[in-house]
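> Provide a 3D model corresponding to the input given below.
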Amino acid sequence: MYAYGTVLGFGVCRQTNDPKIVKIAYMHSWEEDMEIPRQVEVFTLSTRSWRSSYGTNLPRKSIEFGCDGRCIDGFYYWLATDRSTIDDDLWAYNLIISFDITSEEFREVNLPDSLVYDGSKHDLSFSSLRESLVVLRRNEHDENVVDVWLMEDGVSKPFTKLFTIYSPNAVLYCVWEFRKSGEPVFLPVDNDADLRKVPTPLRIAVYEPKSKHISNLDLGINGECSFDVYSYVETLLLHDLPTFYGF
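Numbers count the residues shown, from 1 in each chain. As a prediction, this is how the structure comes out:
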């Protein structure tokens with residue numbers, strides 16, 4: 001049995017302002033304990049073509065990428081798991097893989113000790129706060145609790161725990177983004193709701209870290225539907241190039 005995977009990342013080179021897409025493809029055989037070497041390709045808008053990455057330090061074969069990724073300040077970050085450290089209890093080593101959009105070099109970023117082995121990477125997710133990476137940890141024993149960690153600048157990329165979101169009357173179904181003031185925006189779901197279905201009615205709530213107060217925002221959305229919330233960024237519009245490309 002073979003497992004195939006492809007992860008993508010997008011960012012803009014800080015030196016040339018050239019948009020880039022990085023694609024990492026891999027194939028792994030669980031029975032034969034064999035893995036074909038990863039293929040890392042980069043698409044640049046200026047050349048309108050794919051090529052091999054300039055970087056020489058490709059991610060280790062034992063690294064398994066998650067689906068969650070985020071581009072911050074010229075780096076693309078993925079949540080990942082080191083499969084080589086899985087023990088008899090199937091606990092894994094969680095970490096972050098970064099990709100420098102300019103130099104195209106990969107790097108491993110260590111998570112705080114409380115996030116390394118405490119649950120799987122599926123309990124973790126990314127967000128951003130004022131151009132800094134935020135790691136959200138869902139409590140596997142209490143779905144009303146989410147811890148918020150901020151990655152600071154510096155060579156070692158240290159993390160600081162900002163606060164814990166606690167919603168006693170509703171499950172924290174999803175924490176989307178942060179306001180500029182630092183307040184997280186999330187989707188609350190009734191404690192007795194079936195999480196396998198799309199929650200209704202849909203509503204958005206804001207958590208105030210200092211007062212620990214939760215405010216519900218009435219969107220006027222009724223019926224069965226779904227939506228997402230994203231931070232606003234200026235549109236990347238290149239006037240001298242066609243708008244669409246096929247990949």
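> after the helix-or-strand element of the chain with minimal mean pLDDT, next one along is what?
When each helix and strand of the chain is scored by mean pLDDT, DSSP states H and E, strand 34-44 comes last, with a mean of 79. Proceeding N to C from strand 34-44, the next assigned helix or strand is strand 49-52, under DSSP states H and E.
> What helices and strands are in contact with that next one?
Strand 49-52 is packed against strand 34-44, with contacts defined by 3 or more C-beta pairs under 8 Å, 6 or more residues apart in numbering; DSSP states H and E. No exception for glycine: its C-beta is placed from N, CA and C like everyone else's.
> what's Gln39 in contact with, if anything?
Taking C-beta atoms under 8 Å, 6 or more residues apart in numbering, we find Gln39 in contact with Lys23, Ile24, Ala25, Tyr26.
> quick one: Ile101 and Cys13 touch, right?
Yes - Ile101 lies in contact with Cys13 (C-beta atoms under 8 Å); the separation is 5.5 Å.
> When those two are compared, which one has more neighbours?
Ile101 (22 against 18; other C-beta atoms under 10 Å).
> Apart from its neighbours in sequence, what residue is nearest the more buried one?
Spatial nearest neighbour of Ile101, chain neighbours left out: Gly11 (3.8 Å); criterion: C-beta to C-beta, 6 or more residues apart in numbering.
> Quick one: mean pLDDT over the host helix or strand of the one you found.
Assigned by DSSP H and E, Gly11 belongs to strand 2-12. For strand 2-12, the per-residue pLDDT values average out at 84.
> Quick one: residues contacting the residue nearest to Lys161 when sequence neighbours are not counted.
Nearest residue to Lys161, sequence neighbours excluded (C-beta to C-beta, 6+ apart): Trp149, at 5.4 Å. By C-beta under 8 Å, 6+ apart, the residues touching Trp149 are Pro112, Leu115, Val134, Val135, Leu136, Arg137, Phe159, Thr160, Lys161, Leu162.
> Make a ChimeraX selection of the buried ones in the residues you listed.
Entered in ChimeraX, the line below selects the buried ones among the contacts of Trp149, by 16 or more other C-beta atoms under 10 Å:
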select :112,115,134,135,136,137,159,162
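> Return the closest of the contacts of Trp149 with respect to Gly74.
Among these, Val134 lies closest to Gly74 (C-beta to C-beta), at 17.2 Å.
> circling back: pLDDT, secondary structure and neighbour count for the contacts of Gln39 - can I get that in CSV?
Putting those into CSV (pLDDT from 0 to 100; DSSP: H, G, I helix; E, B strand; the rest coil; neighbours: other C-beta atoms under 10 Å) gives the following:
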residue, pLDDT, secondary structure, neighbour count
Lys23, 95, strand, 16
Ile24, 93, strand, 22
Ala25, 88, strand, 14
Tyr26, 78, strand, 20
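> Closest to Ile214 out of those residues?
Ile24 (38.5 Å).
> Please tell me how far the residue lying closest to Ile21 once chain neighbours are set aside sits from Ile96.
Nearest non-adjacent residue to Ile21, counting by C-beta to C-beta, 6+ apart: Phe43, 4.3 Å away. Distance, Phe43 to Ile96, by C-beta to C-beta, to the nearest Å: 23 Å.
> does Asp82 really touch Ser62, like I thought?
Yes - using C-beta under 8 Å, Asp82 is in contact with Ser62, at 5.4 Å.
> mind listing what Ser167 touches?
Listed by C-beta under 8 Å, 6+ apart, the contact set of Ser167 reads Asn144, Val145, Phe186, Pro188, Ala205, Tyr207, Ile214.
> before we move on, what about Trp50?
Taking C-beta under 8 Å, 6+ apart as the contact definition, Trp50 lies against Lys23, Glu41, Val42, Phe43.
> which one of those has the most neighbours?
Neighbour max across these (other C-beta under 10 Å) = Val42, 20 neighbours.
> Next, the contact list for that one, please.
Lys20, Ile21, Val22, Lys23, Trp50, Arg51, Ser52, Ser53, Tyr54, Glu104.
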